[in-house]
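Q: model this:
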Amino acid sequence: MIDDPNHSPPDQHHAADIPSVFDKTEKLLVALLESAAQAIVSIDRAGRIVLANRRAGEMFGYSRQELLGAGVELLLPESKRAAHGGLRDDYFQQPRVRPMGTGLDLSGRRKDGTEFPVEVSLSTVETSEGTFAIAFISDISLRKRLEEQLMHAQKMEAVGRLAGGVAHDFNNMLTVIAGYNRMILDELSILDPLRGYAEEILKAADRAAALTNHLLVFSRRQTVQPRVVNLNAVICQTENMLRRLIGEDIQLVMSLGADTGNIKVDPNHIEQAIVNLAVNARDAMPLGGRIEIETCNVLIDEAYAKTHIAVKPGEFVMIAVSDTGHGMDSATRQNIFEPFFTTKQRGKGTGLGLATVYGMVKQSGGDIWVYSEPGHGTTFKIYFPRVGEPVSARLTEDPEHPRHHGGETVLLVEDETQVRELETKMLTQFGYAVLTAANGHEALDVSRDHPGEISLLVTDVVMPIMSGRQVADTLVASRPGLKVLYLSGYTENTIGDHGVLDSGVNFLSKPFTHQALALKIREILSR
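A: A predicted model of the protein is given here:
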């Protein structure tokens, strides 16, 4: 029987009266109908279904017996049924071969009540029994999902490009603000009443630098130095901190796979991602609940990759963070990774937590997906490519080099005038002889005209005409002993792929303190 409240099945006598339009159809036509990838349905002027192929039953969840003789409105969303009769009458009065509702989003309705997007083409056939309409119906659910994923990926890429550009320019300004302010603090007595003002300026600059760092992470332009780590080991290191962050009213469950493989990432990124996801989960459970962190090895096949934009098949390590919170609706899920998007009250969050997670995952070559429904909690699943390499040796901190004031000559290349002037003052205070250039061509001229040795090239990375990398490659070719230090708010892939530093590259991220610059230069020159 037909399971629909707005439709009653025809009695047996009525169904038997339905004209058998295709009685004389040859076996070949029947085979074509039954093997078609589309659902094929034919109706008479009254809207009764007189033909339905195998795919129609599969697509809508009805048996062929349930479809034959039923009104075609059975296959439509309830909101569209009332108006369909008029549209059908209009079509039969003026038959034409064309998609019905061109330019509109069309939907079908399955027997279980679920609706799904469809594409419908119509044609008519004249028989001795009268005119019949034939609908060719395609389920375009997969195509719609992929289109939405592609649009989201393109939007995130565009926003990321904008965020990276803003962060780059802002970091130059912060370098000037923080640099000169630090010089002022060095000159002010501890008892000077102006010192408090200068310290507040420095605090604000530090907060602004943290904000731009979040934007760089989201836009995948943060500079990182990845190494091979074991995911379980990194997570275990964060467990105590997580328990303090989420509070005693939330249960933390660790379900770490015993054979979870290694991944190549910046371990700080993993820790930040887990903390951000855990804090987000905590905020979704104001009355308490449960957070579960799970890891395991995953093999992504071609079928999964085809339904997820930018996902490549292969071996991955998955980390899932699930909560029992209030969940999210579809509209929230679509915007959840955008910077400054937040569902929290004003002043309760920056909207950068999940955007930061998204950027860190993408920069590490991974993927992140969110699964959530209102009232049913949320699960974030992150996939990182699995590597066969052993865990890298733990990085050791270099002891602080003394502030050795050498007398070496440094060539400084910086296109921003204020930043160049500040860095020149810093280098001069450190005791170096400083040569300056505003761009790459000028740097080549300065190097050619300088008869003596140049020990170090300090260059901005992102510059017009010639990038810092191009300047360095050219100068090192003519001065083989020249060492190089890159300075930048972000790398723009010129000294590393997607912000991942090439091996052996010396880099200092803007904004930096004069102490950090001094130590970095001595580290390089003392090797």
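Q: how many other residues sit next to Thr379?
A: 17 (other Cβ atoms under 10 Å). (Each C-beta comes from the backbone N, C-alpha and C, glycine too.)
Q: Just say helix, strand or coil for it.
A: Taking DSSP: H, G, I helix; E, B strand; the rest coil as the rule, one finds Thr379 in the strand state.
Q: Next up, the contacts around the nearest residue to it once chain neighbours are set aside.
A: What sits nearest to Thr379 in space, not counting adjacent residues and going by Cβ to Cβ, 6 or more residues apart in numbering, is Ser322, at 4.2 Å. Counting by Cβ atoms under 8 Å, 6 or more residues apart in numbering, Ser322 makes contact with 281, 291-292, 294, 377-380.
Q: quick one: which of those has the most company?
A: In terms of neighbours by other Cβ under 10 Å, the contacts of Ser322 top out with Ala281 at 26 neighbours.
Q: can you pull the contacts of it?
A: Ala281 makes contact with 246, 291, 321-323, 325, 378, according to Cβ under 8 Å, 6+ apart.
Q: Name the nearest of those relative to Glu389.
A: Among the contacts of Ala281, Val321 lies closest to Glu389 (Cβ to Cβ), at 25.6 Å.
Q: and that closest one, that one's in a strand?
A: Yes - Val321 sits within a strand when classified using three-state DSSP.
Q: quick one, what contacts the nearest residue in space to it that is not next to it in sequence?
A: Counting by Cβ to Cβ, 6+ apart, Val321 lies nearest to Leu277, which is 4.3 Å off, once chain neighbours are set aside. Leu277 is in contact with 321, 354, 357, 380, counting by Cβ under 8 Å, 6+ apart.
Q: roughly how far apart are the third one and Glu148?
A: For Val357, the distance to Glu148 (Cβ to Cβ, to the nearest Å) stands at 20 Å.
Q: Comparing those two, which shows the higher neighbour count?
A: Val357 (26 against 12).
Q: The more buried one falls within a helix, correct?
A: Yes - judged by three-state DSSP, Val357 forms part of a helix.
Q: That one and Ile368 touch, don't they?
A: Yes - with contacts counted by Cβ atoms under 8 Å, Val357 reaches Ile368, the gap being 6.8 Å.
Q: Which neighbours do the two have in common?
A: Taking Cβ under 8 Å, 6+ apart as the contact rule, Val357 and Ile368 both touch 337, 380, 382.
Q: which one of those is nearest Leu444?
A: Set against Leu444, the nearest of those by Cβ to Cβ is Phe337 (43.0 Å).
Q: before we move on, the earlier item: which of the contacts of Ser322 sits closest to Ala52?
A: Ala52 lies nearest to Thr379 out of these, by Cβ to Cβ, at 38.8 Å.
Q: Enumerate every residue touching the closest one.
A: 320-323, 370-372.
Q: what about Tyr303, which SS state?
A: Careful, residue 303 is Ala and not Tyr. Following three-state DSSP, the label given to Ala303 is helix.
Q: How many neighbouring residues does it have?
A: Look at Ala303: counted by other Cβ under 10 Å, it has 8 neighbours.
Q: rewinding a little: where's the residue nearest to Thr379 relative to Ile293, distance?
A: Using Cβ to Cβ, Ser322 is found at 8 Å from Ile293.
Q: Likewise for Glu421?
A: In terms of Cβ to Cβ, Glu421 sits 49 Å off from Ile293.
Q: Okay, and Thr459 sits in which element?
A: Assigned by DSSP states H and E, Thr459 belongs to strand 456-460.
Q: Ala135 touches Leu122, doesn't it?
A: Yes - here Ala135 reaches Leu122: they are 5.6 Å apart, a contact under Cβ under 8 Å.
Q: Between Glu421 and Ile293, which has more neighbouring residues?
A: Ile293 (21 against 15).
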